[in-house]
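Novice: Give me coordinates for this.
(chains A, B and C)
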Amino acid sequence: MKQELVELPVTTGDGIFLAHYSDKGLAALDFPNADGLVAPNGKANGRAVNSKQIPLQILRWHRTTTAALKKMLAGQPAKDLPPLDWTGKTEFQQAVWRVMLKLGPGKTKSYGEVARAIGRPKAVRAVGSACGANSIPVLVPCHRVLAAGGKIGGFGSGLDWKRRLLAKEGINL
DNA sequence: GACAGATGAAGGA
DNA sequence: TCCTTCATCTGTC
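Specialist: Numbers count the residues shown, from 1 in each chain, chains lettered A, B, ... in the order given. Next comes the predicted model:
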């Protein structure tokens, strides 16, 4: 059965992101498209999609998310993060993302370093896959994971975003 | 079970 | 240096 998600827009100086909440926490975050609006799969442009009443708890998470996102986009550490809903994700993916959450602004790790940090030094390609499976970019800073030698590597939401986010944190590739 | 992938390292030119 | 090749590990279909 499919879990119902509440979708709420997050307006930032970089466009309107779309946050998806389950009853457990923030489940996904969509980047704005080139026009600064939410991506086409988000069914609204800057409006709450769900007509039904939004639970107070989700509104509180949304405030935290908005503040955290704005901080991150300003290259500052987010003070608080909403609970993240990683339901259905594997142990391996969660381990990779936990390592990323520990990375502060301006700090980067290579895919190999992340693999070593979770005790699987040879699972470098798998770390790349786990990064790609990250549905909460920016807040789970997969953009801070670079390829060996300081090369940019890849980014599921587009390398432009990766460069942009890194530049905000003072990292120029 | 096969295949693909956001890598890394080694070897050769 | 730069490029190519291959080993490695995990997730997905």
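Novice: Could I get the contacting residues of the residue sitting nearest the centre point of chain A?
Specialist: Using Cα atoms, centre = their mean, the residue of chain A that lies closest to the mean C-alpha position is A:P137, 1.7 Å off. Counting by Cβ atoms under 8 Å, 6 or more residues apart in numbering, A:P137 touches A:29, A:31, A:143, A:155-157, A:161. C-betas here are computed from N, CA, C, even on glycine.
Novice: In strands only, show me those residues.
Specialist: Counting by DSSP state E, the contacts of A:P137 place A:L29 in strands.
Novice: from the contacts of A:P137, which would you call buried?
Specialist: Among the contacts of A:P137, the ones that count as buried by 16 or more other Cβ atoms under 10 Å are A:29, A:31, A:143, A:155, A:157, A:161.
Novice: I'd like the distance between the residue lying closest to the fifth one once chain neighbours are set aside and DNA strand B.
Specialist: This points to A:S157. Of all residues not flanking A:S157 in the chain, A:F31 sits nearest, at 4.7 Å (Cβ to Cβ, 6 or more residues apart in numbering). According to Cβ to the nearest atom of the strand, to the nearest Å, A:F31 and DNA strand B sit 11 Å apart.
Novice: Now A:F31: phi and psi?
Specialist: Here the main-chain torsion angles of A:F31 (degrees, to the nearest 10) amount to phi -80, psi 150.
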